[in-house]
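# mind folding the following:
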Amino acid sequence: MHTTTANQSETVLAPREVERLITGKATSDGAGVKLTRVLTHDLQHRLDPFLMLDAFGTDNPQDYIGGFPDHPHRGFETVTYMIAGRMRHRDSAGNEGLLQNGSVQWMTAGRGVIHSELPEQEDGRMEGFQLWLNLPAAEKMRAPWYRDIRNEEIPEYASDDGVTVRVIAGESHGVAGAVQRETTLPLYLDLHFDAAAEFAQALPVSFNAFVYVYRGNLRIGETDIPQQRMAILRNQPNSDGVVLQGMEGTRALLIAGLPLNEPIVQYGPFVMNTEQQIFQAVEDFRAGRF
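Predicted coordinates:
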């Protein structure tokens, strides 16, 4: 991957503080894949438009070998980011792709899709994240969409202080990410601290935002954020961004977006605005209309 230099700097004068730290909940999904649910159901309104963040990482094949066999989705987008390992995606819209080190799979379920994600390895490490991004009411029944984004297709830049920034979505320091969304305007950055350094990112005051540390530790203001913790950033009037201080080897996700401020009604893999829409989703799935 070719790493460029940021073409503009971002000055943060009124940085956000940490509202609270979250410890994820160990669980399993699919055919017994062990993972940590970092953004849980009770945080959906607080972190709107984001519905869920799962982190998975293990060297034990028994924790991931079953993968995620065929299952449906409606009403939102899934963003799967692989750090290590190989997973094969297939879906009912005829899409197929291989997720591997450093790549992203961005899928818009829209009105309905059935897909599977199955390991293409029997040993070694499997590590990555899956983020659920809500769709606005007007787009929940849109046609499904899918894109594989290879490792080398994700824009990267190096900050002056020695932070490598992978821009999966949104824009950072003048570098446009691999994906843009008009309504929720998601920002999705993977930050690699190559040395002890400070990184500033501008954020609109209206955005909800959080940071997840998956290597080392970070400091935001007066708060230390240890590995495998999520920091919800406080929504402060007049704030203009966030400043993160990391050590050599620290790696973290910075995720932010514009809330939809719409009702959220979830039943498993369906996320709509009303219970009636959920009943319809279940009926459509059972009738084979996905």
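# residues in contact with stretch 169-188?
Applying Cβ atoms under 8 Å, 6 or more residues apart in numbering, the external contacts of stretch 169-188 come out as 4, 6-10, 49, 79, 104, 106, 131, 133-134, 136, 139, 147, 149, 153-155, 157, 159, 165, 167-168, 189, 201, 203-204, 207, 209, 253-258, 260. (Each C-beta comes from the backbone N, C-alpha and C, glycine too.)
# in it, what's buried?
169-173, 175, 177-179, 181, 184-188 (16 or more other Cβ atoms under 10 Å).
# with stretch 96-106 instead?
For stretch 96-106, the neighbour count (16+ other Cβ under 10 Å) marks 97, 99-100, 102-106 as buried.
# same thing with stretch 249-257?
250-257.
# ok, the residues you listed vs Leu233, which is closest?
Ranked by distance to Leu233 (Cβ to Cβ), the buried residues of stretch 249-257 are led by Ala256 at 7.8 Å.
# bridged to that closest one, which residues?
Note on Ala256: beta-bridge partners by DSSP bridges are Leu187, Ala209.
# you'd agree it is up against Leu203?
Yes - contact between Ala256 and Leu203 holds when scored by Cβ atoms under 8 Å: they sit 5.4 Å apart.
# which residues do these two both contact?
The contact sets of Ala256 and Leu203 overlap at 187, 209, 233 (Cβ under 8 Å, 6+ apart).
# these two touch, right, Phe285 and Arg111?
No - with contact defined as Cβ under 8 Å, Phe285 does not count as touching Arg111 (11.0 Å).
# common neighbours of these two, please.
Residues touching both Phe285 and Arg111 (Cβ under 8 Å, 6+ apart) are Arg74.
# start to end distance for stretch 150-166?
12 Å (Cα to Cα, to the nearest Å).
# what comes up buried for it?
Neighbour-count burial for stretch 150-166, counted by 16+ other Cβ under 10 Å, picks out 154-157, 159, 162-166.
# repeat for stretch 71-89
Neighbour counts over stretch 71-89 (16+ other Cβ under 10 Å) mark 72-83, 85-87, 89 as buried.
# hmm, back to that, okay, and which of the contacts of stretch 169-188 map to strands?
Counting by DSSP state E, the part of those found in strands is 4, 79, 104, 106, 131, 133-134, 147, 149, 157, 165, 167-168, 189, 201, 209, 253-257.
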